[in-house]
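Undergrad: give me a model of this one.
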Amino acid sequence: MAVSPPAIEVSGLRKAYGDKTVLDGIDLSVPQGSIYALLGPNGAGKTTVVNILTTLLPADSGTARILGDDVRRAERIRPLISVTGQFAAVDNLLTGEENLIMMANLYRLGRGRAKALAAELLEKFDLTAAGKARGVTYSGGMRRRLDLAMTLVAEPRVIFLDEPTTGLDPRSRHAMWEIVRDLTGRGVTIFLTTQYLEEADQLADRIGVLDHGVLVAEGSADELKRRMPGASVRLEFSAAEQLAAAAGLLAEAERDPKALALRVPTDGALRSLRVLLDRLDDAGVEVAKVSVLSADLDDVFLALTERPPDSMERPAAVAGRPTARKEML
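TA: Predicted coordinates for the structure are as follows:
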């Protein structure tokens, strides 16, 4: 049986402007029907990656393919993809319905099909009630939903979302997340760039961290978090005597007298937690509450991208591991 090609496949991608290297040998692969999030500080090269993959910018070297086709063959790639940027491409003078019909007309779908598809997408994106209102009256969240609906007129197989929820309130952002999840449930591949680490954590099957044109780490959110040192167990006690007794046994613990709590370093393994609790139980120390604290994507992001902009050194890997241009997990 033939194996389907990845939705996106990039190898050795490079781009420079004069003596400034923007992308320095990017490799990545995105399976069909998945969500890939590319994280990085401003100027890391995220938008350049998107522009190359969407045929808007040529790479200096390396290869990039969408569903097996070289992105340099724009006439073959563009019918397969859609792009939603940071700013919605909604015509303020047209109604929501008219914006969708206009897009359908660009694809020459025919009047009947255009009107039916507009109604279908307005319902899908919870915009039916606003369908006859002009775009200028739409809130930020409504404009983003309409913008994404417009990208679906051509039934793309790969959608590039370049910071799609920038400026949205939490409710609108969560609504967009549900729409994105629904798209991948129908087999659409999503390539997402975002400044919101929670967004990547919630949505992405796989995350790449880009820093100064270098993909410094890649993996699932959980894999990236496990690379971080500093996991700990928080122990809470019902009385000061119990706290003091536990602190006497655990010299490495950090005490919080006001909360009657200790924070104990751990490797995050279940066996280590059992050993810790058994040690306290054997000493007659009663623990009221146990919480396991681990690193989040903010910790990972800061550890991987904190270096001077003009430094020519590769970003050091976290947890004392050797420096590497890219670490696959």
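
Undergrad: how much space separates Val90 from Ala130?
TA: As defined by CB to CB, to the nearest Å, Val90 lies at a distance of 12 Å from Ala130. Every C-beta, even on glycine, is put in place using the N, C-alpha and C of the backbone.

Undergrad: name the residues contacting each of those two.
TA: Where contact means CB atoms under 8 Å, 6 or more residues apart in numbering, the residues bridging Val90 and Ala130 through contact with each are Tyr138.

Undergrad: in the protein, which helix or strand is least confident?
TA: Sorted by mean pLDDT, DSSP states H and E, the helices and strands of the chain end with helix 297-305, the least confident at a mean of 78.

Undergrad: list the buried residues of that helix.
TA: Of all the residues in helix 297-305, those buried under the rule 16 or more other CB atoms under 10 Å are 297, 299-301, 303-305.

Undergrad: ranges for the helices of this structure?
TA: With DSSP state H as the criterion, the chain has helices at 46-53, 74-77, 96-106, 111-124, 140-151, 170-185, 197-203, 221-226, 240-249, 270-282, 297-305.

Undergrad: give the rounded mean pLDDT of stretch 122-131.
TA: Here stretch 122-131 scores 92 as its mean pLDDT.

Undergrad: repeat for stretch 23-33
TA: Averaged across stretch 23-33, pLDDT comes to 96.

Undergrad: and that stretch, what's buried?
TA: Applying a neighbour-count criterion of 16+ other CB under 10 Å, the buried positions in stretch 23-33 are 23-28, 30, 32-33.

Undergrad: dump it to PDB, keeping only the CA atoms.
TA: Below are the C-alpha coordinates for stretch 23-33, written out as PDB (Å, rounded to 0.1, in the frame of the first residue of the first chain):
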ATOM      1  CA  LEU A  23      17.000  30.700   8.300                       C
ATOM      2  CA  ASP A  24      20.000  28.500   8.900                       C
ATOM      3  CA  GLY A  25      19.200  25.000   7.700                       C
ATOM      4  CA  ILE A  26      15.700  24.200   8.900                       C
ATOM      5  CA  ASP A  27      14.500  20.600   8.900                       C
ATOM      6  CA  LEU A  28      11.000  19.500   9.800                       C
ATOM      7  CA  SER A  29       8.200  17.200   8.800                       C
ATOM      8  CA  VAL A  30       4.400  17.500   9.500                       C
ATOM      9  CA  PRO A  31       2.100  14.500   9.100                       C
ATOM     10  CA  GLN A  32      -1.200  15.000   7.300                       C
ATOM     11  CA  GLY A  33      -4.100  15.900   9.600                       C
END
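
Undergrad: name the residues that touch it?
TA: If you take CB under 8 Å, 6+ apart as the criterion, stretch 23-33 is touched by 4, 6-16, 36, 45, 48-49, 52, 59, 62, 67, 157, 184, 187-189, 191, 205-206, 208, 210, 212-215, 218, 325-326.

Undergrad: repeat that with 7 Å
TA: The set of residues that contact stretch 23-33 without belonging to it, under CB atoms under 7 Å, 6 or more residues apart in numbering, is 4, 6-15, 36, 45, 48-49, 184, 187, 189, 191, 208, 213-215, 218, 326.

Undergrad: excluding chain neighbours, what is closest to Ala259?
TA: Glu236 (6.8 Å; CB to CB, 6 or more residues apart in numbering).

Undergrad: just to check, that neighbour is in contact with Pro257?
TA: No: distance between Glu236 and Pro257: 12.0 Å, which falls outside the contact criterion (CB atoms under 7 Å).
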